[in-house]
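*Asks:* only geometry, no sequence info:
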């Protein structure tokens, strides 16, 4: 029986790892918890709020908002999940010929067709070969399957690199502001120092090398050893696509300053403007004549973004180049401690890097699905951008790529005072009110970082096209009412 | 162009996180790297070694050695991966009625049937409900779906708890010796101190509370704040199954000493002796009358073990009870940073905790598959155990559960000297020679920890039954030759 004198439980927020306490992740933070609560209330008491559904625009999660998966990819996954289907004649009408062929090829690369076995710690060799081929086709430069580490989405890959590079708060990582909060969270969890550099909103979230240099020197003057530079291209939450010239400057800067270039390239397929194109940092480096011995480069890719949007599959990889054999051994060891990433995610990563090609039977239908999604995303981005720009006191840069808009909102003094009284950041105050009035969930700019005194929020471009007019009108009505209430 | 003066690459083993350097993981260590090399040589030069295949007995990876997945589970996964199959009549003959029903049920619990969307950070609510039901059916005590955190296998769950509990080397975690090296690796990566307690080989790897107490006090006298006790039941690498009485003592000890009980229960379905039964630590605690306010308990479960052995799916969960709301919030936040675990792994975790029941059409065939695997594992364990015990200078405790034997080998002085000369641990020396002579991969006891001066290795019981005689004869021949060479 329990003793009469009750002891307190051994774990409290006072005695846990302070790095955990310090870590923040606004994309699934306070506002999302509130949204989940409102959703439950809508279910249990329909009509209890002035809207009938919660619209999650807080996170790049396309399929949660109705985007359909690419048929070919899912066919291959289903066949690999249940390989004995391949011995049955009935599948001929049920699955495309190409999917049957691809699944058979993949299974041949797995000893015993064992999709339920742990793989090599870096991922199945045949799948890494396919990914390396895909990188080569994309860049025009060779890629080595031994440089690929398959991971459960890009996040664990980012954590692995932070774990490797950060020993203490004396180790700094240059990160863009605004940034995707995975970076600040991972740096906090590993006990390092985030060294911020600011993207310039006025020039479409441009990256100025002079600012990078200034921030680097300022960190070094505080005895911070800066280890790496994070670049997110296309940008998150900011949506800009870097120019080739800018990328060359960044490569040169990292090379000169001895920084690892951590290139978040998960939105490489999400580009919505005709005058911009994705170039991987590896391609840029190789074009400049820099090879393995010149620059240490990590490229992160994920199956969660692009036109596929397979967030729930948790597939991704990092390609690491320019690391010595003994450091690579250490990365391999850390990967081994978690054994391997999930095989479905591995397969999917090989598919997105090696999709159907001209000549395949499914090529046409595959392209139709892909282009339908991408062109619809471009339309939605444009519509929402125009809507934001039409609001009083709001300006919004173009989403050239990625999945987000990051409008800036000039809040009236009265609203800032009201936020202060409510003990919350002014942009969080705005986002909470927006949620309560409309059911639309966005993330306050303070969760990504912003120039002090400016206020923003991040809104995905992911609601289905049919819903965009309603989103726009709800947003507009709310904003007008908000401004009328708080106008100075 | 690359500059003329070559700079060194910025990352070297001298400037990476020393915790990474310190971490070791023998299960995929040096011997496995050697085995992979030999395997490549066999492929490129058949006949280059005195065996024609590498037999990986280093890791609990059943399907890599030919174990077949449970059909029902794979049917459900395939249907969930490609939900539009459910609209097609052709699937009637191709999938069991129960699988179609279960897949439909699962998809109904996922908004929009979106198996490609990020889920709730703890996992899909409906699947957590199913797991909670399964825990209740197993234990006879209620389980709360809000206590379940679905993870990509058990390893990330263990890391999450270590990250929470360890702030510095002043925080200690009591771990069994021998132990599964995930624990030592995770403690090293998070910068904590492993406080060892020894399992008693002579009493079948018994756990003595008096030893626990002694080690706890010794650690405290060195100013180590001991935060948690790890118990692996059934044992890995040691294969013992704890008695109920022993479990009660452990619960009482943790309660009295204010330790979190970290219960690795991933082998809960793997028990091979009629006189032992698995009891979860939660069931034991609740039976003793201890509830949420009395003991902090984490139970780890995985889809990789049991009769299912779905290692490549990376599914698992932890059930946390006895933590305050604000600490749980911190755990939720850390889970959120990685968004969610992979949905196939989540689905599979719900299936293994809620398999077909009496009355289901597939029940009989499901039971046949399950029981076939489990009884074969029991047979293989017995055969291998007898084989080890018949070897000169080798003694081997019974594998009551889990997937391993951990024989002890008394090495001749001459072998120990030869190992010294080769700059390797004596048991690693033995394992390397075994690999070179037979192609059989086992892991030296030094990778798990052992009483100083004793030598062991871990060997899985997983080679298919048809291969066991060859394994036994190759092992026996090698051992005789080894002893003849090194006998004092």
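*Replies:* The structure has been received and is ready for your questions. As the structure is a computational prediction, the values presented were derived from the model and not from experiment.

*Asks:* What residues does the stretch 301-450 of chain A have near chain B?
*Replies:* A:304, A:309-314, A:322-324, A:326-327, A:330, A:333-334, A:336-345 (CB under 8 Å from any CB of the partner chain). The C-beta positions use only the backbone N, C-alpha and C, and glycine is treated the same way.

*Asks:* among the residues you listed, which ones are buried?
*Replies:* A:304, A:309-314, A:322-324, A:327, A:330, A:333-334, A:336-345 (16 or more other CB atoms under 10 Å in any protein chain shown).

*Asks:* Out of those, list just those in helices.
*Replies:* Here DSSP state H is the test, and these give A:327, A:330, A:333-334, A:336-337, A:343-345 as lying in helices.

*Asks:* quick one: stretch A:182-202 near chain B?
*Replies:* Yes. Interface with chain B: stretch A:182-202 contributes A:182, A:185-186, A:189-190 (CB under 8 Å from any CB).

*Asks:* Report the mean confidence score over that stretch.
*Replies:* Stretch A:182-202 shows a mean pLDDT of 96.

*Asks:* Please enumerate the helices of the stretch 151-300 of chain A.
*Replies:* For the stretch 151-300 of chain A, applying DSSP state H, counting those that start in this stretch gives helices covering A:154-165, A:182-189, A:209-221, A:244-257, A:281-287.

*Asks:* closest one to residue B:31 among these?
*Replies:* helix A:154-165 (23.6 Å; CB to CB).

*Asks:* distance between the closest one and the chain's centre?
*Replies:* 14 Å (CA atoms, centre = their mean, to the nearest Å).

*Asks:* farthest pair in the ones in helices among the buried ones among the residues of the stretch 301-450 of chain A next to chain B?
*Replies:* A:327 and A:344 (29.8 Å).

*Asks:* Closest one to chain B out of the residues of stretch A:182-202 next to chain B, please.
*Replies:* Using CB to the nearest CB, residue A:185 is the member of those that lies nearest chain B, at 4.7 Å.

*Asks:* residues contacting the closest one?
*Replies:* Applying CB atoms under 8 Å, 6 or more residues apart in numbering or on different chains to residue A:185 gives the contacts A:23-25, B:337.

*Asks:* what's the spacing between residue A:426 and chain B?
*Replies:* 23 Å (CB to the nearest CB, to the nearest Å).

*Asks:* Neighbours of the nearest residue to that residue once chain neighbours are set aside, how many?
*Replies:* Of all residues not flanking residue A:426 in the chain, residue A:419 sits nearest, at 4.2 Å (CB to CB, 6 or more residues apart in numbering or on different chains). Using other CB atoms under 10 Å in any protein chain shown, residue A:419 has 21 neighbouring residues.

*Asks:* Can you tell me the element residue A:419 falls in?
*Replies:* Using DSSP states H and E, residue A:419 falls within helix A:413-421.

*Asks:* and the next element down the chain from that helix?
*Replies:* Past helix A:413-421, the next helix or strand by DSSP H and E is helix A:426-438.

*Asks:* Touching the helix or strand that that next one is followed by from outside, list them.
*Replies:* The first helix or strand that comes after helix A:426-438 along the chain, using DSSP H and E, is strand A:440-441. Contacts with strand A:440-441, where a contact means CB under 8 Å, 6+ apart, come from A:31-32, A:35, A:54-58, A:434-435, A:459, A:471, A:474-475.

*Asks:* Check which helices and strands the helix ranked longest in chain A sits against.
*Replies:* When chain A is parsed with DSSP H, its longest helix is helix A:363-389. Applying 3 or more CB pairs under 8 Å, 6 or more residues apart in numbering or on different chains; DSSP states H and E, we find helix A:363-389 packed against helix A:71-81, strand A:394-395, strand A:404-405, helix A:468-486.

*Asks:* any chance of those in JSON lines, with mean pLDDT and mean neighbour count too?
*Replies:* What follows is these, written out as JSON lines (pLDDT from 0 to 100; neighbours: other CB atoms under 10 Å in any protein chain shown):
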{"stretch": "helix A:71-81", "mean pLDDT": "98", "mean neighbour count": "26"}
{"stretch": "strand A:394-395", "mean pLDDT": "97", "mean neighbour count": "16"}
{"stretch": "strand A:404-405", "mean pLDDT": "96", "mean neighbour count": "28"}
{"stretch": "helix A:468-486", "mean pLDDT": "95", "mean neighbour count": "16"}
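
*Asks:* what's the closest of those to residue B:85?
*Replies:* Comparing those by CB to CB, helix A:71-81 comes nearest, at 6.8 Å.

*Asks:* and the helix or strand just after that closest one, which residues are buried?
*Replies:* Next in sequence after helix A:71-81, counting helices and strands by DSSP H and E, comes helix A:91-94. By neighbour count on 16+ other CB under 10 Å, the buried set for helix A:91-94 is A:91, A:94.

*Asks:* how does chain A divide into domains?
*Replies:* A:18-66+A:370-486, A:111-352 (automatic domain parsing).

*Asks:* any chance of the helices and strands packed on helix A:363-389 in CSV, with distance to residue B:19 too?
*Replies:* What follows is the helices and strands packed on helix A:363-389, written out as CSV (distance: least, CB to CB, whole Å):
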stretch, distance to residue B:19
helix A:71-81, 36
strand A:394-395, 45
strand A:404-405, 35
helix A:468-486, 46
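
*Asks:* Mind checking these for the one nearest to residue A:372?
*Replies:* Of all the helices and strands packed on helix A:363-389, helix A:71-81 comes closest under CB to CB, at 11.9 Å.

*Asks:* quick one: is that closest one near chain B?
*Replies:* Yes. Applying CB under 8 Å from any CB, one finds helix A:71-81 touching chain B at A:71, A:74-75, A:77-79, A:81.

*Asks:* May I ask which two of the residues you listed are separated the most?
*Replies:* Farthest apart among the residues of helix A:71-81 next to chain B - using CB to CB - are A:71 and A:81, which lie 15.6 Å from each other.

*Asks:* for the contacts of residue A:185, which one is nearest residue A:283?
*Replies:* residue B:337 (30.1 Å).

*Asks:* re the thing from before, quick one: which of the contacts of strand A:440-441 has the most company?
*Replies:* residue A:459 (29 neighbours).

*Asks:* My guess is that one contacts residue A:438. True?
*Replies:* No. In this structure residue A:459 lies outside contact range of residue A:438 using CB atoms under 8 Å: 11.6 Å.

*Asks:* From chain B, how far out is the residue nearest the centre of chain A?
*Replies:* For chain A, the residue sitting closest to the mean C-alpha position, by CA atoms, centre = their mean, is residue A:266 at 6.2 Å. Distance of residue A:266 to chain B, computed by CB to the nearest CB: 13 Å.

*Asks:* what do you get for residue A:70?
*Replies:* 10 Å.

*Asks:* so what's that residue up against?
*Replies:* Residue A:70 touches A:307-308, A:355, A:366, A:369-370, counting by CB under 8 Å, 6+ apart.

*Asks:* Give the residue spans of chain A that score low on pLDDT.
*Replies:* Residues of chain A meeting the criterion pLDDT under 70: A:1-5.

*Asks:* rerun that using 80 as the cut-off
*Replies:* Counting by pLDDT under 80, the ranges of chain A that qualify are A:1-6, A:26-29, A:488.

*Asks:* re earlier: how far out from the middle of the chain is the longest helix of chain A?
*Replies:* With CA atoms, centre = their mean, you get 18 Å for helix A:363-389.

*Asks:* Go through that helix and flag the buried ones.
*Replies:* Across helix A:363-389, burial judged by 16+ other CB under 10 Å covers A:365-366, A:369-370, A:373-374, A:376-378, A:380-381, A:383-385, A:387-388.

*Asks:* would TSV of the domains of chain A with distance to residue A:87 be doable?
*Replies:* Output for those, formatted as TSV (distance: least, CB to CB, whole Å):
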stretch	distance to residue A:87
domain A:18-66+A:370-486	31
domain A:111-352	11
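
*Asks:* Can you say which of those domains is nearest to residue B:453?
*Replies:* Taking those one by one with CB to CB, domain A:111-352 is closest: 27.5 Å.

*Asks:* okay, how far is it across the closest one, tip to tip?
*Replies:* 22 Å (CA to CA, to the nearest Å).

*Asks:* Cool, thanks, talk later.
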